[in-house]
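S.K.: Please work out how this folds:
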Amino acid sequence: MFNDRMLGQSEARTIPLRLLAHLGDAVFDLYVRELEILNSISARQLHHKVTAIVRAVRQAELLDSILPRLDEREAEVVRRARNLKPAGYRRSGQGAYRKATAFEALVGYLYLTDRERLRALLKACMDTPLAAAESARDS
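M.R.: Numbers count the residues shown, from 1 in each chain. The predicted structure is shown next:
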């Protein structure tokens, strides 16, 4: 995206998981907006499509869909982030919120260390039948 500098894995591990999740939330939101921009006829429709995908329950489902594809270091980021004490959650339950935080931390981590891998995982989870059904339903 904007910053071309990539971090090494050891350097990225020094960043607090909450900061990785915060970055991952922004990156994933922009990724989904880029996917949906051509399929939307208004800002309101775009907003509804994006919020349906970036909500905590949906992110938890996306994480579940890619878990078998994660390598050891990625699974470690997910495990550590899922174990973070929740800062707070609203409509979704604690389990979904923790998985969503783990998903966002993974996205943030990969954004800083390996963007090609990030693109591959995001494409894989967004190409699942569940994602296609969600997108078609919101059209």
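S.K.: Pick out the least confidently modelled helix or strand of this structure, by mean pLDDT.
M.R.: Ranked by mean pLDDT, DSSP states H and E, the weakest helix or strand in the chain is helix 129-138, scoring a mean of 48.
S.K.: Tell me the residue in this protein that is farthest from the middle.
M.R.: Here the chain reaches farthest from its C-alpha mean at Ile41, the gap being 24.6 Å by C-alpha atoms, centre = their mean.
S.K.: can you give me phi and psi for that one?
M.R.: Ile41 has phi and psi values of phi -100, psi -10 when expressed as degrees, to the nearest 10.
S.K.: Extract the residue ranges of the protein that are flagged as low pLDDT.
M.R.: 1-2, 86-92, 128-139 (pLDDT under 70).
S.K.: What segments of it are helices?
M.R.: Applying DSSP state H to the chain gives helices spanning 9-13, 17-36, 43-54, 56-66, 72-82, 94-113, 115-126, 129-138.
S.K.: Give me the packing partners of the fourth one, helices and strands only.
M.R.: In this structure, helix 56-66 packs against helix 94-113, helix 115-126, helix 129-138, with contacts taken as 3 or more C-beta pairs under 8 Å, 6 or more residues apart in numbering; DSSP states H and E. Just so you know, the C-beta spots here come from the backbone N, C-alpha and C atoms, and that holds for glycine as well.
S.K.: If we use 7 Å, what do you get?
M.R.: helix 94-113, helix 115-126 (3 or more C-beta pairs under 7 Å, 6 or more residues apart in numbering; DSSP states H and E).
S.K.: now, of those, which is deepest in the fold?
M.R.: Of all the helices and strands packed on helix 56-66, helix 94-113 has the most neighbours on average by mean count of other C-beta atoms under 10 Å, namely a mean of 24.
S.K.: what would the helices and strands packed on helix 56-66 look like in CSV with distance to Arg33?
M.R.: Below are the helices and strands packed on helix 56-66 laid out as CSV (distance: least, C-beta to C-beta, whole Å):
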stretch, distance to Arg33
helix 94-113, 14
helix 115-126, 13
